[in-house]
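>>> what would the 3D arrangement of this be:
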Amino acid sequence: MEAQILKIDSDKRRISMGMKQLQPQPWDSADSKYKTGERVRGTVTRLTDFGAFVELEPGIEGLIHISEMSWAKRVRKPSDVVKPGETVEAVILGMNAGERRIALGLKQALGDPWGDAAKRFSVGTIVEGPITSITKFGAFVQLAEGVEGMIHVSEITDEKRINHPQDVFRMGQVVRALVLTIDPEKRQIRLSMKQLLPTGLDEYIGEHREGDLVSGRLIGITGHQARVELGEGIQAACELGTTETKDEPAAGGESETKKDLASLSAMLQAKWKSGGAEAVANQGSEVPKVGQIRKFRIVKINKDRKAIELALA
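Below is the predicted model:
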């Protein structure tokens, strides 16, 4: 039997000896055995607050940092993912044989879910998933294991002003959304819910053509430009041009005109409340004023900008 003398204590007449010191040091050949990027298997030996140590072979351990344990969630403690004595597969992220350190990644062994995210979630794709977290500026949606997209508060709906996303969402709620942008390098996907929902304006544009006669209410006039409400939440621009005051109706006809105006107003209001507007006879007896209900001709419809231009009929 051979051994190496480690220490001599003359006073106590003792000699300390070791056998393992005559064996090759495992770390001496670690550089040639373990390469960055390789997959390795080992046994979890102990856990700390910052990670888990894994024995790759007797005398050689690597560390899986807590940040390298999962793509899908933020790990609060290593014991939520691995247990002592468990055999795991990991990827070598880096090594320093001189300092006897090997950095391991558990999540990398599972494959990076963002690797093909640009193809799976291209711009314009409709996606579906549960709400994973809610913040004051939006909500995060899980699209796949380890991949989340964010719906900004401004992309939730156009129907009303939302002060806080929690007024609309709840944790775990499954939602559908449209992919607006994707940046795999930054691991960011922007989503929109409101762009999947048809608006009253979309429906109005779909039902009308340039040249159609429509009715609306003047809600604002600046110079020769006016804003016209064609229905609830549906507005258009109108070029007024130069309009002269017309003659007053003949005596005896004023009461009839007032009756017509009252009837027309009531009819339009009823139509708007039920979701639509209807072309009516033009009331050209007055200079255009805010609050009037008038008849207009659609001059131009821009579907891309969702804009309607009108002219007085």
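>>> what about residue 211, which helix or strand?
Residue 211 belongs to no helix or strand when assigned by DSSP states H and E.
>>> now do it, the pLDDT please.
Per-residue confidence at residue 211 stands at 93 (pLDDT).
>>> show me what counts as buried in the host helix or strand of residue 54.
When elements are assigned from DSSP H and E, residue 54 belongs to strand 51-57. Residues 51-54, 56 are the ones in strand 51-57 that count as buried (16 or more other Cβ atoms under 10 Å). Backbone N, C-alpha and C define where each C-beta goes, glycine included.
>>> quick one, helices of the chain?
Using DSSP state H, the helices of the chain run over 30-33, 117-120, 200-207, 254-273.
>>> thinking again about what came up before, pipe the buried residues of strand 51-57 into TSV and attach distance to residue 175 per row.
Shown next, in TSV, are those (distance: Cβ to Cβ, whole Å):
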residue	distance to residue 175
51	35
52	35
53	41
54	39
56	44
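>>> rebuild the residues you listed as a markdown table, extending it with distance to residue 153 and pLDDT.
Written out in a markdown table, the entries for the buried residues of strand 51-57 read as follows (distance: Cβ to Cβ, whole Å; pLDDT from 0 to 100):
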| residue | distance to residue 153 | pLDDT |
| --- | --- | --- |
| 51 | 36 | 95 |
| 52 | 39 | 96 |
| 53 | 43 | 96 |
| 54 | 43 | 96 |
| 56 | 48 | 94 |
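>>> of the residues you listed, just say which sits nearest to residue 184.
Comparing those against residue 184 with Cβ to Cβ picks out residue 51 as the nearest, at 26.5 Å.
>>> okay, domains of this structure per the record?
When the chain is parsed with automatic domain parsing, its domains come out as 4-110, 117-196, 200-242+264-312.
>>> any idea of the mean pLDDT in the shortest one?
Model confidence over domain 117-196, given as mean pLDDT, is 91.
>>> now it, how far from the chain's geometric center?
The gap between where domain 117-196 is centred and where its chain is centred comes out at 3 Å by Cα atoms, centre = their mean, to the nearest Å.
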